[in-house]
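**Q** Show me the folded form of this:
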Amino acid sequence: MLRLEITFGDLLTIITITLTLLIYWYSRSVEKRIQKASFLRDYLTLFLQSPLADTFSDVDYGRLRFSAQLLGSKDELRLTQLLEFLNSLCFNYYAGVIEKGDLQGTSFGYAVLRTWGNAEVQKYLAHIDAHDRESGYTGMGFAYLRKFACELQQRGSQ
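**A** Residues are numbered from 1 along each chain as shown. Down below sits the predicted model:
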């Protein structure tokens, strides 16, 4: 018959290994939260200290107008940069880098909803979609932004 004997030293080893693993998992959890906070802070700083904030202000206050004059202009470039910035942020949500709570109810969530909900931006996106279809492009411009904005809108209407 097989007999299993555990000595006091064995017990101490098991406890030490268990505590070491728990401390490691806890420290990794804290480290991930710090990294995420740093990531979001850097994104917010980039947003606020760049022309993106001015472009968003134009969108938010209804100063952006979609017309033939917008196409090919510096204003179109600025709008495209804002849309791509928000698309990149939303991509990071779908990639698991950040969570919905990191965006919803924050300046980022507000920027996504206000930009997405702007009628002139919608006209511009419809133009982009039509141009892409005519060009044979099968993807969708700013797909992550569109998807996330729709999710936020649906959640807000519930």
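**Q** Need the pLDDT of T7.
**A** At T7, the pLDDT value in this model is 86.
**Q** Next, work out how far apart it and I15 are.
**A** T7 is 13 Å from I15, where distance means C-beta to C-beta, to the nearest Å. Every residue, glycine included, has its C-beta placed from N, CA and C.
**Q** Counting by contacts, list what the biggest helix by length in the chain packs against.
**A** Using DSSP state H, we find that the single longest helix of the chain is helix 8-48. If you count contacts as 3 or more C-beta pairs under 8 Å, 6 or more residues apart in numbering; DSSP states H and E, helix 8-48 packs onto helix 51-60, helix 74-94, helix 107-116.
**Q** May I see those helices arranged in CSV, with mean pLDDT as well?
**A** As requested, the helices and strands packed on helix 8-48 are exported to CSV (pLDDT from 0 to 100):
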stretch, mean pLDDT
helix 51-60, 95
helix 74-94, 96
helix 107-116, 94
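**Q** I'd like to know which of the ones you listed is closest to D129.
**A** D129 lies closest, by C-beta to C-beta, to one member of the helices and strands packed on helix 8-48: helix 74-94, at 12.8 Å.
**Q** circling back to that earlier point, for the helices and strands packed on helix 8-48, which one sits closest to Q35?
**A** helix 74-94 (12.2 Å).
**Q** and the gap between the closest residue to I128 other than its chain neighbours and R3?
**A** Take I128 and drop its neighbours on the chain: the residue closest to it by C-beta to C-beta, 6 or more residues apart in numbering is G141, 4.8 Å away. Separation of G141 from R3 (C-beta to C-beta): 70 Å.
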